[in-house]
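S.K.: Below: sequence and its predicted model.
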Amino acid sequence: MSQKVFTYKKRFPLENGLSLPQLDIAYHTYGTFNADKSNVVWVSHALTANSDVFDWGKGTFGENDLFNPKEYFIVCANNLGSCFGTTGPLSINPDTGEAWYGYFPQITIRDMANTLQLLKEHLRIEKLHTLIGGSQGAQIAQEWTLQFPEVTENLVLIATNAQHSPWGIAFNESQRLAIKADRTYFSNSVNGGEKGLQAARSIALLSYRNYHAYNRTQKNTGANNLNHHAAASYQRYQGEKLVKRFNAYSYVRLLEAMDSHQVARERAYSIETVLNDITIPTLVIGITSDVLFPLNEQRLLAKYIKNSVYKEVDSLYGHDGFLIETEQLSKHIEEFYQANKKGKLNHIEA
C-alpha cells in the first residue's frame with residue numbers, strides 16, 4: 001500500500017503558543033472498512049519508525065499475523081516532526097519558501113496526538129476498535145486518549161510511561177549534545193549534523209539494549225582481537241544505517257517531544273488522578289529487560305488506569321523487545337481481547 005498525504009490547510013496551533021502555517025500528514029492504510037467501520041486498528045509508531053507498519057511491524061501486522069488486513073482496517077500516520085512525509089524540519093515553510101531545518105518549532109507529544117485526531121476526522125472514522133503504540137508511540141496514544149476520551153474502544157500501551165523519566169531525558173540530552181557537537185548541524189542544510197546523528201544513535205542503542213544482549217550478540221569471536229571489536233563495529237554500523245534513512249533536525253525535535261511527555265502537565269492534578277480518567281479497556285505491556293522504560297513505569301500505568309490488564313514480555317533484548325518479541329506481544333493482545341469479550345479483565349494492582 002502506497003503512502004497517502006492529507007493536507008490540513010489551516011494554521012495548526014502548537015502547545016507552545018506558536019503555529020504551523022499548514023500541516024501535511026503522511027499515512028498508510030491497509031485493508032477495508034467493515035459495514036459499520038468498527039474494525040479500525042490505529043498504530044501510533046515509535047521515534048524513528050514511519051507509517052509503513054507492514055514493514056517494521058511484521059509478526060504482529062500482516063496477512064498472516066494478528067492484525068491482518070482481511071479482518072481489520074489498519075491506519076498508521078507518520079509522526080509530526082519526522083522526515084517521512086508529515087510536516088517536519090525538512091518540509092518547506094510556506095511563509096519563507098525554504099526548508100525549516102533547525103528553525104522548525106519545538107513540538108510536544110500533545111501536538112503529535114492532535115495531528116492524529118485531524119486525520120481521523122478526515123478519514124471519517126467515528127471510533128477506533130484499538131489504538132496501539134509502543135515507546136513514544138504509546139506516549140502519543142495516551143495523550144490522544146486523554147484529550148479525546150471516546151477515540152477508541154481498546155487501548156494497548158507497550159514499553160512506555162506516563163511521564164518521561166530523568167534517566168530517559170538524560171539519554172536524550174546526551175544524544176542532542178552529540179548532534180550539536182557536529183558543527184554542520186548549524187549549517188541548516190539537508191545533510192547537517194550527520195556525523196552527530198551517527199554518534200547519537202550509538203548512545204541510544206545502549207539504552208535500547210543492555211549488558212546481557214550485547215554479551216550475547218556482539219561478543220568477539222577470538223581471544224587475540226586487538227582493535228576489531230564486534231560491539232564497536234555494530235555501533236558504527238547502526239549509526240550509519242540511521243543516517244541513511246533519517247535526519248538530525250527531526251531527531252532533535254522528536255527527542256524534545258519525548259522529554260515533554262507528562263500526562264498531568266497543566267491538567268492541575270496528579271499523574272495518578274489523570275490516569276484514572278482513562279476508563280476504556282487497556283492492556284499495558286512491559287519488557288522484562290528494558291532499562292530505558294523499566295517495568296515500574298508500566299506497573300504505574302496499570303495500577304492507576306482502572307480498567308487495565310498488565311502483562312510482561314520476557315526478552316533478552318531490552319527496550320527493542322517490543323519490536324522483536326512479536327509472538328509474545330500478539331499472544332498477550334489476543335488474550336486481552338478474549339478476556340474483554342467475556343467481561344473478565346482482571347485488573348491487578350501492579
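M.R.: Yep, it's here.
S.K.: Please count neighbours and contacts with C-alpha atoms only from this point.
M.R.: OK.
S.K.: Strands along the chain, start to end?
M.R.: Assigned by DSSP state E, the chain shows strands spanning 4-8, 12-13, 19-20, 23-30, 40-44, 73-77, 92-93, 98-99, 128-134, 152-158, 282-287, 308-313.
S.K.: Please report phi then psi for residue 188.
M.R.: Per-residue torsions, residue 188: phi 50, psi 60 (degrees, to the nearest 10).
S.K.: for the closest residue to it other than its chain neighbours, what are its contacts?
M.R.: Computed as C-alpha to C-alpha, 6 or more residues apart in numbering, the closest residue to residue 188 that is not its neighbour in sequence is residue 101, at 5.4 Å. When contacts are counted by C-alpha atoms under 8 Å, 6 or more residues apart in numbering, residue 101 touches 89-91, 188-190, 249.
S.K.: same deal with residue 17?
M.R.: If you count contacts by C-alpha under 8 Å, 6+ apart, residue 17 has none.
S.K.: Quick check: the gap between it and residue 2.
M.R.: According to C-alpha to C-alpha, to the nearest Å, residue 17 stands 34 Å off from residue 2.
S.K.: Next: residue 320.
M.R.: When C-alpha to C-alpha is applied, the distance between residue 320 and residue 2 equals 27 Å.
S.K.: which of those two has more neighbours?
M.R.: Comparing residue 320 with residue 2 by other C-alpha atoms under 10 Å, the one with more neighbours is residue 320, at 21 against 8.
S.K.: The more buried one reaches residue 206, doesn't it?
M.R.: No - at 10.7 Å, residue 320 and residue 206 do not qualify as touching, with contact defined as C-alpha atoms under 8 Å.
S.K.: any low-confidence regions in this structure?
M.R.: 1, 224, 344-350 (pLDDT under 70).
S.K.: what about 90?
M.R.: Low-confidence regions of the chain, defined here as pLDDT under 90, cover residues 1-2, 220-228, 268-269, 339-350.
S.K.: where along it do the helices fall?
M.R.: Listed in chain order, the helices found in the chain under DSSP state H are 53-56, 109-122, 136-147, 166-181, 194-208, 211-217, 230-245, 248-259, 271-276, 295-304, 321-324, 326-341.
S.K.: Determine which of the strands of the chain approaches residue 194 most closely.
M.R.: Ranking the strands of the chain by their distance to residue 194 (criterion: C-alpha to C-alpha) puts strand 98-99 first, at 17.0 Å.
S.K.: Which strands and helices lie in contact with that closest one?
M.R.: Helices and strands touching strand 98-99, as assessed by 3 or more C-alpha pairs under 8 Å, 6 or more residues apart in numbering; DSSP states H and E, comprise strand 92-93.
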